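Novice: I'll drop the sequence and a predicted model, then ask my questions.
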Amino acid sequence: MSFDAISAAELIAWYAEMGVTEALDETPHDHFAAAAELAPARQPVARLVPPTPQAAGRSAAAAPAPPDEAALSARALAREATTLDELKTALASFEGCPLKASAKSLVFADGNPAGKVMVVGEAPGADEDRAGLPFVGRSGQLLDRMLAAIGLNRQEHVYIANLLPWRPPGNRTPTPQEVAICLPFIQRQIELADPDILVCIGGPSAQGLLGVSGILASRGRWREYDTGTRTIRAIATLHPAYLLRQPLQKRLAWRDLRALKAALDTL
Ligand code: URA
C-alpha cells in the first residue's frame with residue numbers, strides 16, 4: 001500500500017482517537033525496564049515513609065511504593081510545603097505516582113493564586129501535558145468563555161489546577177489509587193491558595209474533593225469545604241469536555257455559573 005499524505009493524516013487521526021498521542025521510533029523499547037533502572041535514584045518515598053518489613057526486603061527498583069505508602073508520603077511532603085512554590089517543588093520531586101513516568105510535564109496551576117475563585121479540574125490532557133499548564137486545549141478554551149460570561153478571567157480572578165497534576169495515558173479516567181496518592185497535594189494547594197470559593201469541574205474532582213458522586217445529580221449545590229484552616233463555599237459543575245460533547249447541557253452549567261456569580265457578588 002502506498003502511503004499518501006491523506007492516508008497518513010487519517011492514520012494519525014485514528015491513532016489520536018485511540019489514545020496514541022506520542023510518536024516513538026520503529027525500534028521497540030522496554031520502557032518499564034528503563035523506568036526501573038531510574039527508580040533508585042528518584043525514589044523519595046522510601047526516604048519519607050519508614051519502609052514496612054516487606055518493603056525493606058525488596059529493592060526499590062523491583063517495585064514502586066504501594067499506593068498507601070505513596071499517599072502517606074504525599075501527605076507528609078504536602079504538609080511540609082508552606083508556599084505554593086514549595087508545593088510545586090515538592091510535587092516535582094515526588095515519585096509515588098505512576099502517572100509521572102508517562103507524562104511529559106508536571107501541570108501545577110495557572111491563573112492568579114490570589115483570585116477569589118479556585119477551579120479544580122480532573123487531570124491534564126495532551127495539550128496541557130505539552131504546555132505544562134492546565135486547561136489550555138479545547139476544554140480550556142470553553143472554560144475561559146464560561147468564566148468570561150460572568151466577568152471572570154484567569155489572569156485576574158481565577159486560580160486553576162487539577163485533581164491530578166500528571167496526564168493519565170490516553171486521557172483515561174484516573175484510578176482511585178492515583179487519586180488517593182495525589183489528593184494530599186491538591187488539598188494542600190487549595191489550603192495555600194486560600195480561595196473564597198472552590199469550583200470542582202467534573203465528576204472526579206467533585207468526588208475527590210467534595211466526596212459526592214454522580215455529577216449530574218450533585219452539581220449546582222453549594223457545599224462546605226474545609227481547607228484545613230477555614231471553611232469555604234464549594235460547588236461542583238459540569239466539565240467543559242462533557243459540554244463539548246453534550247452542548248444542550250450547557251444550560252445546566254450556565255445555572256451553576258450564575259450561582260457562582262451571585263455568590264461572588266456577596267463577598
Ligand atoms: N481537563 C481537565 O480536567 N483539566 C485540564 O487541565 C484539561 C482538561
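Specialist: Great, that's in hand.
Novice: right, is the strand or helix carrying E191 up against the ligand?
Specialist: Secondary structure assignment for E191, by DSSP states H and E: helix 176-193. No. Contact of helix 176-193 with the ligand (Cβ under 6 Å from any ligand atom) is absent, the minimum separation being 11.9 Å. Where C-beta positions appear, they are placed from N, C-alpha and C, glycine not excepted.
Novice: pull out the buried residues from that helix.
Specialist: 178-193 (16 or more other Cβ atoms under 10 Å).
Novice: what is that helix packed up against?
Specialist: helix 67-80, helix 84-93, strand 117-121, strand 158-162 (3 or more Cβ pairs under 8 Å, 6 or more residues apart in numbering; DSSP states H and E).
Novice: measure A114 to the ligand for me?
Specialist: From A114 across to the ligand, the span is 20 Å (Cβ to the nearest ligand atom, to the nearest Å).
Novice: also G170?
Specialist: G170 is 14 Å from the ligand, by Cβ to the nearest ligand atom.
Novice: same check, this time on L143
Specialist: For L143 relative to the ligand (Cβ to the nearest ligand atom), the value is 8 Å.
Novice: can you count the residues close to that residue?
Specialist: For L143, the neighbour count with other Cβ atoms under 10 Å is 26.
Novice: test my guess that it contacts F135.
Specialist: Yes. Counting by Cβ atoms under 8 Å, F135 is a contact partner of L143 at 5.1 Å.
Novice: what touches both of those two?
Specialist: With contacts defined as Cβ atoms under 8 Å, 6 or more residues apart in numbering, the residues shared by L143 and F135 are V119, G121, I160, P240.
Novice: contacting residues around the closest residue to R223 other than its chain neighbours?
Specialist: Excluding its sequence neighbours, the residue lying closest to R223 (Cβ to Cβ, 6 or more residues apart in numbering) is A234, at 4.9 Å. Counting by Cβ under 8 Å, 6+ apart, A234 touches I197, L198, V199, C200, L209, L210, W222, R223, E224, Y225.
Novice: whichever strand or helix holds A234 to helix 176-193, inter-axis angle?
Specialist: A234 belongs to strand 231-237 when assigned by DSSP H and E. Here strand 231-237 runs at an angle of 130 degrees relative to helix 176-193 (axes from the mean of the first three to the mean of the last three Cα atoms, to 10 degrees).
Novice: SS state for G208?
Specialist: Here G208 is recorded as helix under DSSP: H, G, I helix; E, B strand; the rest coil.
Novice: and the residue of the chain closest to the ligand?
Specialist: Closest contact between the chain and the ligand, by Cβ to the nearest ligand atom, is at G121 (2.9 Å).
Novice: any idea how far G132 is from Q155?
Specialist: Look at Q155 and G132: by Cβ to Cβ, to the nearest Å, they are 17 Å apart.
Novice: which of these two has more neighbours?
Specialist: Taking neighbours as other Cβ under 10 Å, Q155 and G132 compare with G132 leading, 16 against 10.
Novice: run a quick check on A123 versus R172, I expect a contact.
Specialist: No. A123 is beyond contact range of R172, at 9.2 Å (criterion: Cβ under 8 Å).
Novice: more crowded one of the two?
Specialist: Between A123 and R172, counted using other Cβ under 10 Å, A123 has the larger neighbour count: 27 against 11.
Novice: need phi/psi at the nearest residue to that one once chain neighbours are set aside.
Specialist: Distance criterion Cβ to Cβ, 6+ apart; nearest residue to A123, sequence neighbours excluded, is L164 at 4.0 Å. Torsion angles at L164 (phi, psi; degrees, to the nearest 10) stand at phi -120, psi 140.
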